[in-house]
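Asks: how would this look folded up:
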Amino acid sequence: MPNPVFLLSPARCDGQRARMLLSESAAFPLAMALRGPGAAIGDVFTFLSGLYFRGKLAYARAFAPPEVAPRSALIITTDRGLVPPEERVRREDLLAFSRVDIGAGDERFLVPLRRDAQALADTLDPSVRVALLGSIATGKYLDTLLQVLGDRLVFPAEFVGRGDMSRGGLMLRCAREGRELEYIGVRGAVRHGKRPPRLEPVR
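Replies: Predicted structure coming up:
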């Protein structure tokens, strides 16, 4: 079976790191790029989320099928659906992201997400699965994706019981080792479980 296309859950855009990035006086390169020509959303979300998003992005780049690029890895956003990690965003885009509460069922989030998920389902070969790299314990984006993608929507089985940082560390390690995780279907899966043992330190 071909490697799945990956959907990466969004980073939080209204926290402390976002305030650092959005500050008009910030002088580090990423903040300056946001105020100027823009920066890749993958780099921006990695800064905002740290290890968790860095792990998701590294894993997706390591295992996404190149034959369907640029749709082989897509990031969920709060108000513009699914975009590739290379999509450039500017300061005003990040401010717009921060104004949408994805946990509240905001139509500004759900309408573009549903639109792009449907376009993905319509254009991908039926044999290609879509793997969610994000929390599988909440329905804020999972419910919409499941409605559109059905049995094609999968997630790494080892995510069950893990928190954000544990998932990020696991994916980063797998990307470095070239070890792809096992995927299981979202529909009917047990998405809450006992916390697995801590990852062994990397030597």
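Asks: gap between stretch 64-73 and the chain center?
Replies: 15 Å (C-alpha atoms, centre = their mean, to the nearest Å).
Asks: pLDDT value on residue 6, please?
Replies: What the model reports as pLDDT for residue 6 is 97.
Asks: tell me which element it is part of?
Replies: Assigned by DSSP states H and E, residue 6 belongs to strand 5-8.
Asks: Give me the helices and strands touching that strand, please.
Replies: helix 51-63, strand 73-76, strand 130-133 (3 or more C-beta pairs under 8 Å, 6 or more residues apart in numbering; DSSP states H and E). Yep, even glycine has a C-beta here, placed from its N, CA and C like the rest.
Asks: Residue 178 is nearest to which of the ones you listed?
Replies: Closest to residue 178 of those is helix 51-63 (C-beta to C-beta; 7.0 Å).
Asks: okay, the helices and strands packed on strand 5-8 in CSV with distance to residue 178 next?
Replies: Output for the helices and strands packed on strand 5-8, formatted as CSV (distance: least, C-beta to C-beta, whole Å):
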stretch, distance to residue 178
helix 51-63, 7
strand 73-76, 17
strand 130-133, 17
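Asks: Select, out of these, the one closest to residue 121.
Replies: Closest among the helices and strands packed on strand 5-8, using C-beta to C-beta: strand 130-133, at 7.9 Å.
Asks: Can I get the closest one in CSV? Just the C-alpha atoms.
Replies: This file holds the C-alpha atoms of strand 130-133, laid out as CSV (Å, rounded to 0.1, in the frame of the first residue of the first chain):
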residue,chain,number,x,y,z
VAL,A,130,-4.7,10.3,4.6
ALA,A,131,-2.8,10.2,8.0
LEU,A,132,-3.5,12.8,10.7
LEU,A,133,-0.4,13.9,12.6
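Asks: next structured bit after it?
Replies: Next along from strand 130-133, by DSSP H and E: helix 142-149.
Asks: remind me which residues of this structure are low pLDDT?
Replies: Counting by pLDDT under 70, the chain shows low-confidence ranges at 1, 189-203.
Asks: all strands for it, in order.
Replies: Under the criterion DSSP state E, the chain contains strands at 5-8, 39-40, 73-76, 82-83, 88-89, 130-133, 153-156, 183-185.
Asks: could you say what helices and strands the last one packs with?
Replies: Just to be clear, that refers to strand 183-185. Under the contact criterion of 3+ C-beta pairs under 8 Å, 6+ apart, strand 183-185 touches strand 153-156.
Asks: What residues of the strand it packs on count as buried?
Replies: 153, 154, 155, 156 (16 or more other C-beta atoms under 10 Å).
Asks: mind giving me a markdown table with these and columns for distance to residue 135?
Replies: Formatted as a markdown table, the buried residues of strand 153-156 follow (distance: C-beta to C-beta, whole Å):
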| residue | distance to residue 135 |
| --- | --- |
| 153 | 14 |
| 154 | 15 |
| 155 | 9 |
| 156 | 12 |
